[in-house]
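Visitor: sequence? don't have it. structure:
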DNA sequence: CCCGTGATTTAT
DNA sequence: TAAATCACGGGG
């Protein structure tokens, strides 16, 4: 007889995303994000991310341990997708980090598009140049056709949305620039923390306000 | 610079 | 129930 697995009976899960969000954020730079839709690959190299640190972080959706229907995905174990909808029109993609219930994640802010560019342009007709295709968190979700139907999926198991490792070692710190996060001015001193990471000298990052 | 846009959250 | 907010993008 089959029984439903409860969380407390599940063995702990360890993946490349089980680490803290700063470590995961830095390791994601230079890796490939892949979206497969209608049998076609849309992909690009991650060049810009932000870490969100959970209950202590005034900019995080899980600040002060908040649990709502929207942010439930952030409490899944590392490796799951947290896709949310904002400003009445935009989707943003995060990769959950750490262990279950930590509420920490990395926001994917920009990729250098490498596969399926024609399809990306059809998904995002307002982009006039390749450098406008995926150079922002909601631009990349639009180009890759990522919406809330992918919320809570396990990116370690999915064939629709996953990562491919292009390098076995993380980028050396000398190639990574860190800055304050974008669009979180309301978070006061947390807005000043250097939790945005991008590849130094990349041509594919968001403009950053 | 300003505004669209509507789901989500927070305040009454 | 009502009001405020918003991890943004596009057009001046």
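Guide: The structure has been received and is ready for your questions. Worth saying up front: this structure is predicted, and the values here are computed from it rather than measured.

Visitor: Please count neighbours and contacts with C-alpha atoms only from this point.
Guide: OK.

Visitor: And stretch A:140-160, what's buried?
Guide: Residues of stretch A:140-160 classed as buried: A:140-147, A:150-156, A:160 (neighbour count, 16 or more other C-alpha atoms under 10 Å).

Visitor: for stretch A:116-131, same thing?
Guide: A:116-117, A:119-121, A:123-124, A:127.

Visitor: Then stretch A:43-60?
Guide: Within stretch A:43-60, the residues that count as buried by 16+ other C-alpha under 10 Å are A:43-55, A:57-60.

Visitor: Help me see whether that stretch makes contact with DNA strand B, please.
Guide: No: shown here: stretch A:43-60 not in contact with DNA strand B (C-alpha under 7 Å from any atom of the strand), separated by at least 10.6 Å.

Visitor: Quick one: mean pLDDT for that stretch?
Guide: The average of the pLDDT scores along stretch A:43-60 is 98.

Visitor: So for it, first residue to last residue, what's the gap.
Guide: Its first and final residues considered, stretch A:43-60 spans 27 Å by C-alpha to C-alpha, to the nearest Å.

Visitor: Off-centre distance for it?
Guide: In terms of C-alpha atoms, centre = their mean, to the nearest Å, the gap separating the centre of stretch A:43-60 from the centre of its chain is 7 Å.

Visitor: before we move on, what about stretch A:197-204?
Guide: The answer for stretch A:197-204 is 16 Å, by C-alpha atoms, centre = their mean.

Visitor: which residues touch it?
Guide: Outside of stretch A:197-204, the residues within contact range by C-alpha atoms under 8 Å, 6 or more residues apart in numbering are A:25-26, A:29-30, A:47-50, A:110-112, A:131, A:134-135, A:175-179, A:205.

Visitor: Could you restrict those to the ones contacting DNA strand C?
Guide: The subset of the contacts of stretch A:197-204 lying close to DNA strand C, counting by C-alpha under 7 Å from any atom of the strand, consists of A:50, A:135.
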